[in-house]
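**Q** I'll drop the sequence and a predicted model, then ask my questions.
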Amino acid sequence: MQYNNVSIAAFGYELPPNVVTSDDIEKRLEPLYAALHFKKGQLESLTGIQERRFWDPGFAVSEGAIRAGRKAIDACGLPLESIRMLVYGGVCRDNLEPATACAVSHSLGLGPATLVYDVSNACLGILNGMVQVADAIELGHIEAGLVVSCESSRQIVDITIDRLLESLNMDVFKQTVATLTGGSGAVAVVLSRIDAPDPRPRLLGGVVRSDLAHHALCTWGPDTGIPASGLQVMNTDSVGVLQNGVALGVRTFEAFKHELQFGDDQPDKIICHQVGATHQDTLLRSIGIPKDKDFTTFRHLGNIGTVSLPITAAMAAERGFLEPGDRVGLLGIGSGLNCMMLGLKW
């Protein structure tokens with residue numbers, strides 16, 4: 001896919017108030033650590049994640065998306081009536097129905113002709129939403145659109161800790177250690193039609209690839225609570241996700257560079273989905289990208305699902321890591337396995 005008329009008008013994000021360190025989680029897991037003879041510091045050693053953030057108990061994910069959305073709208077400088085599409089891309093939702101996007105759009109004051117809906121695709125929800133908004137802009141259907149997400153890991157981490165303390169089992173720890181890296185946060189992206197001359201980052205295009213034989217490697221559910229008493233459980237085959245995810249990432253990256261005609265030394269900068277230190281090291285080594293081209297947040301924010309990649313891009317822009325003229329790769333991968341990589345010219 002390629003785009004000629006789409007820019008990134010603004011990012012907005014909101015961070016939760018409660019910082020939870022890996023040491024905090026390990027203190028809650030002391031009986032498990034004693035039973036399995038783990039040393040203190042094991043969680044950070046395995047993942048590279050020092051801390052993550054949680055919303056207050058009972059916080060609605062629509063409220064986080066609203067806060068991030070307001071910031072993005074204020075920053076973009078566009079009239080509110082020009083935003084004619086809103087996509088909520090989070091894994092976490094307020095309810096099965098209606099779409100969480102409805103509450104967000106209402107609170108932001110978007111008009112009744114705005115196309116409003118949710119998209120769910122594991123950690124790729126925001127990137128999927130960006131593509132759908134970009135397609136509508138490129139086709140001339142809208143002038144601008146907003147993609148938002150808010151993720152909350154407090155409940156699933158609490159459930160997982162209870163499960164680990166009940167089992168005191170190494171196999172359960174292996175299946176759930178990835179869950180303990182989960183963080184929380186909210187993000188919003190405004191995309192708009194390019195006005196020439198336009199100094200804003202341009203969305204150049206991208207590619208998608210999948211390897212759906214591995215759809216069971218990382219699961220979280222049941223979504224509907226059927227049976228009604230069903231307990232939310234998240235299991236991850238971390239080794240399988242790493243091996244097969246990186247292999248899919250390599251294939252997607254090759255197609256990405258070809259599609260956007262990037263040179264051997266491009267992209268100039270990359271922003272990846274934030275999983276942890278081992279995934280970062282393995283992926284960068286496999287695609288031949290040096291670490292100084294990559295900007296990370298996982299050490300202090302953890303893995304925030306759909307929010308991870310765009311909030312990292314927003315912070316990279318704030319801190320001057322992304323510079324005018326840079327060709328930037330947004331490298332996303334999610335359970336399924338699905339991979340999407342988008343290219344920007346900063």
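**A** Nice, I can see it.

**Q** Could I get the contacting residues of the residue nearest to the spatial centre of the chain?
**A** Nearest to the geometric centre of the chain sits T306, at 2.5 Å (C-alpha atoms, centre = their mean). Neighbouring residues of T306 by C-beta atoms under 8 Å, 6 or more residues apart in numbering: G89, G90, V91, A122, C123, L124, G125, I126, S149, E151, V187. Any C-beta I mention is one placed from the backbone N, CA and C, and that applies to glycine too.

**Q** Out of those, which two sit at the greatest distance?
**A** The most widely separated members of these, counting by C-beta to C-beta, are A122 and V187 (15.8 Å).

**Q** More neighbours: which of the two?
**A** Taking other C-beta atoms under 10 Å, A122 and V187 do not tie; V187 has more neighbours (33 against 21).

**Q** Tell me if I'm right that that one and A10 touch.
**A** No: contact criterion C-beta atoms under 8 Å: V187 and A10 do not qualify, at 11.3 Å.

**Q** which stretches of the stretch 201-346 of the chain form helices?
**A** Remark: helices assigned in the stretch 201-346 of the chain by DSSP state H, counting those that start in this stretch are 238-259, 277-287, 298-301, 308-318.

**Q** Rounded mean pLDDT for the shortest one, please.
**A** If you average the pLDDT over helix 298-301, you get 97.

**Q** Need the contact partners of that helix.
**A** 15, 47-53, 181, 183, 185, 274-277, 280, 308, 311.

**Q** cutoff 10 Å now
**A** For helix 298-301, contacts defined as C-beta atoms under 10 Å, 6 or more residues apart in numbering pick out 15-16, 19, 21, 44, 47-53, 181, 183-185, 272-277, 279-280, 304, 307-308, 311-312, 315.

**Q** Show the buried residues in the residues you listed.
**A** Neighbour-count burial (16 or more other C-beta atoms under 10 Å) is assigned, among the contacts of helix 298-301, to 15-16, 44, 47-53, 181, 183-185, 272-277, 279-280, 304, 307-308, 311-312, 315.

**Q** Looking at the contacts of T306, spot the one nearest N4.
**A** Distance to N4 across those (C-beta to C-beta) is lowest for I126, with 22.1 Å.

**Q** Measure how far the strand or helix carrying that closest one is from the centre of its chain, please.
**A** I126 is part of helix 125-138 when elements are defined by DSSP states H and E. In this view, helix 125-138 has its centroid 15 Å away from the chain centroid, taken as C-alpha atoms, centre = their mean, to the nearest Å.

**Q** what's the angle from it to helix 308-318?
**A** With axes from the mean of the first three to the mean of the last three C-alpha atoms, to 10 degrees applied, the angle from helix 125-138 to helix 308-318 works out at 70 degrees.

**Q** any weak-confidence spans in the stretch 151-300 of the chain?
**A** Along the stretch 151-300 of the chain, the parts satisfying pLDDT under 70 run over 196, 228-229.

**Q** For it, which segments count as strands?
**A** 185-193, 202-210, 218-221, 233-236, 269-272 (DSSP state E, counting those that start in this stretch).

**Q** What helices and strands are in contact with the fourth one?
**A** This points to strand 233-236. helix 154-167, helix 170-176, strand 218-221 (3 or more C-beta pairs under 10 Å, 6 or more residues apart in numbering; DSSP states H and E).

**Q** let's go with 6 Å and repeat that
**A** Where contact means 3 or more C-beta pairs under 6 Å, 6 or more residues apart in numbering; DSSP states H and E, strand 233-236 is packed against strand 218-221.

**Q** partner strands of the strand it packs on, parallel or antiparallel?
**A** strand 233-236 (antiparallel) (DSSP bridges).

**Q** now what about the strand it pairs with, what contacts it?
**A** Residues outside strand 233-236 that contact it (C-beta atoms under 6 Å, 6 or more residues apart in numbering) are I156, Q175, A178, T179, C218, T219, W220.

**Q** Just the buried residues of these.
**A** Among the contacts of strand 233-236, the ones that count as buried by 16+ other C-beta under 10 Å are I156, Q175, A178, T179, C218, W220.

**Q** Tell me the confidence at the residue lying closest to the fifth one once chain neighbours are set aside?
**A** Read it as C218. Of all residues not flanking C218 in the chain, S335 sits nearest, at 4.0 Å (C-beta to C-beta, 6 or more residues apart in numbering). In this model, S335 is scored at 95, pLDDT.

**Q** And S335, its phi and psi?
**A** Backbone torsions of S335, given as degrees, to the nearest 10, read phi -50, psi 140.

**Q** Now for it, how many residues are close by?
**A** Applying other C-beta under 10 Å, we find 21 other residues in the vicinity of S335.

**Q** how near is it to I73?
**A** 30 Å (C-beta to C-beta, to the nearest Å).

**Q** now swap in F173 and tell me
**A** 43 Å.

**Q** How about I289?
**A** From I289 to I73 the distance is 33 Å (C-beta to C-beta).

**Q** Tell me which of the two has more neighbours.
**A** I73 (23 against 18).

**Q** and the helix or strand hosting A72, how far out from the chain's middle?
**A** Assigned by DSSP H and E, A72 belongs to helix 61-76. Computed by C-alpha atoms, centre = their mean, the chain-centroid distance of helix 61-76 equals 16 Å.

**Q** And stretch 284-300, by the same measure?
**A** 16 Å.

**Q** what does stretch 45-53 give?
**A** On C-alpha atoms, centre = their mean, the centre of stretch 45-53 falls 17 Å from that of its chain.
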